[in-house]
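> give me a 3D structure for the following:
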Amino acid sequence: MISLTKLTKTFNGPPAVDDVTLSVPEGGFLVLLGPSGCGKSTMLRMLAGLETPTSGTIRFGDTVVADGARITPPDKRDAGLVFQSYALWPHMTVAGNVDWPLKVAGTPNRAGRVAEALKMMGIADLAHRYPGEISGGQQQRVALARMIAPRPKFLLFDEPLSNLDATLRVEMRHELSRLHKTTGATAVYVTHDQIEAMTLATHVAVMNRGRVEQFASPLDLLAKPATAFVARFVGTPPANLIPIRDGAWLARLPDAALRGATGHAMVRAEDLTLATGPRSLSAELMEAIPMAGQLLVTGAVGGHRITCVAPAGTPLTRDLHFALPDAPGAIFDIEGNPIR
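From the prediction side, this is the model:
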């Protein structure tokens, strides 16, 4: 289990991580999801022991590893870390890279541990090669083998797939999921990629400006976004947030389903259709993207982007009409909080 209590980190200016409290059960897979600069990497670095919290507490299981007064060094946390850059020693073979943390720790039966880790990652045949002689995907597997060779209880990942091409990312997501299940370790994974988050996570913390906007399972994030930011950020495609004022879409189309609210109404792309009618919004076509046998059609409505899912082969013209559903999925006030 990993528990954070009122965790805060300040450099110069606003907090990079601001009063975060959450708990991940033993064997869970937490994904820290959010845009660049939201604080997710800073939080991971505090978990790894590479940054000292300004305040708050970090617990790994029953052990306090940081609470302001006590700071456990990185090598005493029983945690493995994989960086975005792989960080392999170029002058060491693949086996030498995997062996290095074991050698430093004075681990017995190092050769057996190295062989086991290389076999688990499917790279036993690369043991005598050097990092410059293997591909980026293979280098990532070496970094993962090096992390698991000491058999840590906690796995920490800092955007480990961001340097790989799309095909390799799909392959490595499967490998990471398999690795997590095989080791039974508790994992924390940083990414801005929603597909990675939804594929790997048992729990997701959506971060924005240093704070956790929502901590939930992937399905709950999609079904019940807690804020307008979560609704806008999570989903492929993300939900549309259409401005409303005094219970009218774009301040010009009154709708009793909006309950007189001012703010934004969430409408999922799959709940919109391309059709004219009394409850439709006129738009100008911006783009149409083929995806999974359908079209993601985006139009500009009063300066706002709105996307719907349409059947493949739908004829499109420059002028569109988005037919609204009977009711929005959620309504948020001007500050982004849900209106119940």
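
> which residues touch the lengthiest strand in the chain?
Longest strand in the chain, counting residues (DSSP state E): strand 280-291. Contacts to strand 280-291, defined as CB atoms under 8 Å, 6 or more residues apart in numbering, come from residues 242, 249-250, 253, 295-301, 305-306, 310, 312, 316-324. Any C-beta I mention is one placed from the backbone N, CA and C, and that applies to glycine too.

> ok, stretch 110-125 next?
In contact with stretch 110-125 (CB under 8 Å, 6+ apart) are residues 94-95, 98-99, 102-103, 107, 126-127, 138, 141-142, 144-146, 148-151, 175, 179, 182.

> go again with 7 Å.
Contact with stretch 110-125 is made by 94-95, 98-99, 102-103, 107, 127, 138, 141-142, 144-145, 148-149, 182, as judged by CB atoms under 7 Å, 6 or more residues apart in numbering.

> again with stretch 321-332
Outside stretch 321-332, the residues touching it (CB under 7 Å, 6+ apart) are 225, 228, 231, 239, 249, 257-259, 261, 263-268, 271-277, 279-283, 299, 306, 308, 338-339.

> re the thing from before, export the longest strand of the chain as PDB, just CAs?
Output of strand 280-291 as PDB, limited to C-alpha atoms (Å, rounded to 0.1, in the frame of the first residue of the first chain):
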ATOM      1  CA  SER A 280     -29.500  21.600 -33.000                       C
ATOM      2  CA  LEU A 281     -26.500  23.900 -33.200                       C
ATOM      3  CA  SER A 282     -25.100  25.100 -36.500                       C
ATOM      4  CA  ALA A 283     -21.400  24.700 -37.000                       C
ATOM      5  CA  GLU A 284     -18.600  25.000 -39.500                       C
ATOM      6  CA  LEU A 285     -16.700  21.900 -40.300                       C
ATOM      7  CA  MET A 286     -13.100  21.900 -39.000                       C
ATOM      8  CA  GLU A 287     -12.000  18.300 -39.400                       C
ATOM      9  CA  ALA A 288     -13.100  14.700 -39.800                       C
ATOM     10  CA  ILE A 289     -10.900  11.900 -38.600                       C
ATOM     11  CA  PRO A 290     -11.400   8.200 -39.400                       C
ATOM     12  CA  MET A 291     -11.200   6.100 -36.200                       C
END
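
> what are the buried residues along whatever helix or strand comes next after it?
Next in sequence after strand 280-291, counting helices and strands by DSSP states H and E, comes strand 294-301. Buried residues in strand 294-301, counted by 16 or more other CB atoms under 10 Å: 294-299, 301.

> also stretch 270-287?
271-274, 280-281, 283.

> might you calculate how far it sits from the centre of the chain?
31 Å (CA atoms, centre = their mean, to the nearest Å).

> can you check stretch 123-143 too?
Worked out by CA atoms, centre = their mean, stretch 123-143 lies 26 Å from the chain centre.

> quick one: buried residues of it?
123-124, 126-127, 130-131, 134, 137-143.

> what about the residue nearest to residue 40 when sequence neighbours are not counted, neighbour count?
Nearest-residue entry for residue 40: residue 32, 3.9 Å, with adjacent residues in sequence omitted and distances by CB to CB, 6 or more residues apart in numbering. Residue 32 has 30 neighbours, counted by other CB atoms under 10 Å.

> hang on, residue 32 in a strand?
Yes - Residue 32 forms part of a strand when assessed by DSSP: H, G, I helix; E, B strand; the rest coil.

> quick one: the helices in the stretch 101-250 of the chain?
110-120, 136-148, 166-183, 194-200, 218-223, 228-233 (DSSP state H, counting those that start in this stretch).

> okay if I get the ones you listed as JSON lines plus mean pLDDT and distance to residue 288?
JSON lines is the format used below for the helices of the stretch 101-250 of the chain (pLDDT from 0 to 100; distance: least, CB to CB, whole Å):
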{"stretch": "helix 110-120", "mean pLDDT": "95", "distance to residue 288": "44"}
{"stretch": "helix 136-148", "mean pLDDT": "92", "distance to residue 288": "32"}
{"stretch": "helix 166-183", "mean pLDDT": "89", "distance to residue 288": "21"}
{"stretch": "helix 194-200", "mean pLDDT": "91", "distance to residue 288": "21"}
{"stretch": "helix 218-223", "mean pLDDT": "92", "distance to residue 288": "24"}
{"stretch": "helix 228-233", "mean pLDDT": "94", "distance to residue 288": "21"}
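
> list just the one of the ones you listed that sits closest to residue 89.
Residue 89 lies closest to helix 136-148 among the helices of the stretch 101-250 of the chain, at 9.7 Å (CB to CB).

> how far does that closest one sit from its chain's centre?
Offset of helix 136-148 from its chain centre (CA atoms, centre = their mean): 20 Å.
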